[in-house]
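S.K.: What shape does this take:
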Amino acid sequence: MFEDFKTLLVEQMNIDEADITPDAELVADLGINSLELADLVFSCESKYNIEIDEEDYKNFVTVGDVVEYLEANRA
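M.R.: Okay, the predicted model is just below:
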């Protein structure tokens, strides 16, 4: 799931693949702003056929947080 999400970040957010690690912080390390995070959440919902509540994605700090959530909630 990490590699799959990493590909999504590279393709959608134009983030350098080398910068994406499970511990990389979405905002501080990867420079993702709140609008981009909302777009990313929408992409994940579509790709993985899940619904991510706003309260849940507010807790996404690192790439690993998102990957763990996707693994626990994918259909």
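
S.K.: what helices or strands is the helix ranked longest in the chain leaning on?
M.R.: The helix spanning the most residues in the chain, taking DSSP state H as the definition, is helix 34-48. Contacts defined by 3 or more C-beta pairs under 8 Å, 6 or more residues apart in numbering; DSSP states H and E place helix 34-48 against helix 2-13, helix 63-73. Yep, even glycine has a C-beta here, placed from its N, CA and C like the rest.

S.K.: could you dump the ones you listed to a markdown table with mean pLDDT and mean neighbour count?
M.R.: Listed next are those as a markdown table, based on pLDDT from 0 to 100; neighbours: other C-beta atoms under 10 Å:
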| stretch | mean pLDDT | mean neighbour count |
| --- | --- | --- |
| helix 2-13 | 94 | 15 |
| helix 63-73 | 95 | 17 |
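
S.K.: Nearest to Asp39, out of the ones you listed?
M.R.: Closest to Asp39 of the helices and strands packed on helix 34-48, according to C-beta to C-beta: helix 2-13, at 7.2 Å.

S.K.: tell me the contacts of Lys6?
M.R.: 17, 20, 63 (C-beta atoms under 8 Å, 6 or more residues apart in numbering).

S.K.: what separates the residue nearest in space to the middle of the chain from Asn59, distance-wise?
M.R.: When C-alpha atoms, centre = their mean is applied to the chain, the residue found nearest the centroid is Val66 (4.9 Å). Going from Val66 to Asn59 by C-beta to C-beta, to the nearest Å gives 10 Å.

S.K.: for Ser43, same thing?
M.R.: Taking C-beta to C-beta, one finds Ser43 at 18 Å from Asn59.

S.K.: Among those two, which residue is more densely surrounded?
M.R.: Ser43 (16 against 10; other C-beta atoms under 10 Å).

S.K.: For that one, give me its contacts.
M.R.: Per C-beta under 8 Å, 6+ apart, neighbours of Ser43: 8, 12.

S.K.: same thing but 6 Å
M.R.: Gln12 (C-beta atoms under 6 Å, 6 or more residues apart in numbering).
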